[in-house]
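S.K.: The sequence and its predicted three-dimensional model are supplied below.
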Amino acid sequence: MTIQHFNLKQFNLLHAFKFLCMASIIAMLTYASSLKIKGHPFTWDPLEITVASYHLWSAGTISTDGVNPSNFREPLPIAITAAHMALMTHVPKHFPQNDFVKSENSKLQVSQVNLTYPQALLASKSYLQQISYVNLYYVAISLLAIWWLSSLLSTSFVISILAVISSWIFFYYNFTYLYRPITEFPASMFILLATAAAISLYRRQSILMAFFTGVFLAGATLTKAAALYVTIVAIPILILGMLYFKLINLKKALPLLMVLLTGYAICTAPWMLRNYYHFGELNISQRSGSVLLVRALKNQMSNDEYKGAFYAYAPASFKEKIFEKVLNFKPEDLKARGAYGKLIRYQTGDSEAVALGKPENAISYFAKMRAIETQMRYQIKRNKQPTTALDSQVQAQAMQLIKENLKNHFVMSAPFAWRLVWSFGDANPKSPGNKSILIDAINLFSFFALLSLPMIAIIRKKPEWFAFSIFGVGLFWFYAIFSHAIPRYSAPLIPLALLSLLLVISHLISCITTRNKP
């Protein structure tokens, strides 16, 4: 046997070992995730997704009542859950007609929309558990995508293992909604796949990778409507980046751009045209008005509330160790009648103000938004307008408030970006002491690394880092500028943020060791 054959055999054995090792890790982590799913009750987003999924399966249309088409939520998580419900659960396709009930929107903590659903579907712990297993697809595919991504960006197998395990610990396993259907998991999956495809596009400049990048971005858009606005900007920047880093010339850029847009349009256009046919609106979903209005109302916070927002939106360890001990903020400030009480959801009396449609009685900005929506809903009902008119009216009022003080709107993006950073807080139980501080430190440095990566990529001439960061950073700043930026919005970016931190640390170590060599 020659040395060349021996080295080739060693190389193949090493790759086989790495493959088996990583596949085993991902399988074990996915199995461990399944043990946490026990059939917890559904409220809010998981409830709405489950009801719409059931109606898609049983009635053949995405609907909140099984009769009228709806575009209240993005379609892809609903379609995947419906397929899972039909093929992988024991949920009956049809329930007795007298088992169906209607939810009331007056219960602020249950749902944002009136729903019609069979009681037995949501009363059965077994059914809820089986439906929630849909998350395991997202966990397994996302961990594979993280492995793909880390392999593209680093030759270190250790970094791949750390990226997969840390993402599972901080997001997939400990995230509050693992045991319910939720859009954060599929959104993260499609963002990871789109990012990996974009890096492969930068490497190979192939038509196929351009098409897959468009398809995966469409998947993210059909899961999170905000991705539509980010993608409109990110796709041209992605191609311009290839020109900037001299990966392609202008002659090749145009075909790649057209193929990328084709892959995106093939997937998104049918759903948008369906919404235009039914509702006269060329959109992905109907909930953007609420998010924009609560942001517009929070833009009106006082200077004192502006400073207090950094305290209100900080994680528990920072509140205690920095804001309270060093900066003299007080926990009482966050209570109903405290200086920053308006910044906290669900204060005493808020539910009543929402149910009655009296924003003047609401304490929190969030409840004030919901109360305004209730007012508009009553008005639409009196005027015999379709209920689908609500979102456009809410959005119009929000835009009017923003236009009245556009400068203030952008100034307010600072505390909302600060709030958005702390998505690890949604992903782990509150734990006192050093453990919480350590988690929060990892959280802060991970997102700092992700947000810094585009600039580092340009300065250090790293085109693949640029492709890696463009979608995640774009989505982060979109939420910071155009929403009230609850930490859950940036949770799909946790794997990207953790991998960014590992890449930056690895790069720093490499720079230091190289500089110290004689």
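M.R.: Looks like it came in fine.

S.K.: For residue 155, give me phi and psi.
M.R.: phi -90, psi -10 (degrees, to the nearest 10).

S.K.: mind checking how far it is from residue 192?
M.R.: From residue 155 across to residue 192, the span is 20 Å (Cβ to Cβ, to the nearest Å). Bear in mind the C-beta positions are built from the backbone N, C-alpha and C, glycine included.

S.K.: And these two? Which one has more around it.
M.R.: residue 192 (29 against 8; other Cβ atoms under 10 Å).

S.K.: For residue 444, which non-adjacent residue is closest in space?
M.R.: Excluding its sequence neighbours, the residue lying closest to residue 444 (Cβ to Cβ, 6 or more residues apart in numbering) is residue 421, at 6.5 Å.

S.K.: What of residue 142?
M.R.: Distances taken as Cβ to Cβ, 6+ apart place residue 189 nearest to residue 142, at 4.5 Å, with adjacent residues excluded.

S.K.: Then residue 151?
M.R.: Residue 151's closest residue in space is residue 160 (Cβ to Cβ, 6+ apart), at 6.0 Å.

S.K.: tell me the phi and psi of residue 315?
M.R.: According to degrees, to the nearest 10, residue 315 has phi -70, psi 170.

S.K.: in stretch 231-240, what's buried?
M.R.: 231, 234, 235, 238, 239 (16 or more other Cβ atoms under 10 Å).

S.K.: again, but for stretch 239-254
M.R.: Under the neighbour-count criterion of 16+ other Cβ under 10 Å, stretch 239-254 has 239, 241, 242, 245, 247, 248, 253 buried.

S.K.: and the residue nearest to residue 151, how far is that from residue 122?
M.R.: When distance is defined by Cβ to Cβ, residue 160 is 40 Å away from residue 122.

S.K.: Show me which of those two is the more surrounded one.
M.R.: More neighbours surround residue 160 than the other of residue 160 and residue 122, with 24 against 20 (other Cβ under 10 Å).

S.K.: my read: that one touches residue 150, true?
M.R.: Yes. Counting by Cβ atoms under 8 Å, residue 150 is a contact partner of residue 160 at 4.1 Å.

S.K.: one step back: nearest to residue 264 among the buried residues of stretch 239-254?
M.R.: When these are ranked by distance to residue 264 (Cβ to Cβ), residue 239 comes first, at 12.7 Å.

S.K.: Tell me how far residue 239 lies from residue 192.
M.R.: Separation of residue 239 from residue 192 (Cβ to Cβ): 21 Å.

S.K.: hmm, back to that, list the contacts for the residue nearest to residue 142?
M.R.: Contacts here follow Cβ atoms under 8 Å, 6 or more residues apart in numbering; on that basis residue 189 touches 138, 141, 142, 145, 219.

S.K.: Reformat those residues as JSON lines; add neighbour count.
M.R.: Listed next are the contacts of residue 189 as JSON lines, based on neighbours: other Cβ atoms under 10 Å:
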{"residue": "138", "neighbour count": "26"}
{"residue": "141", "neighbour count": "19"}
{"residue": "142", "neighbour count": "27"}
{"residue": "145", "neighbour count": "24"}
{"residue": "219", "neighbour count": "22"}
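
S.K.: Okay, and which of those residues map to helices?
M.R.: Per DSSP state H, helices hold the following members of the contacts of residue 189: 138, 141, 142, 145, 219.
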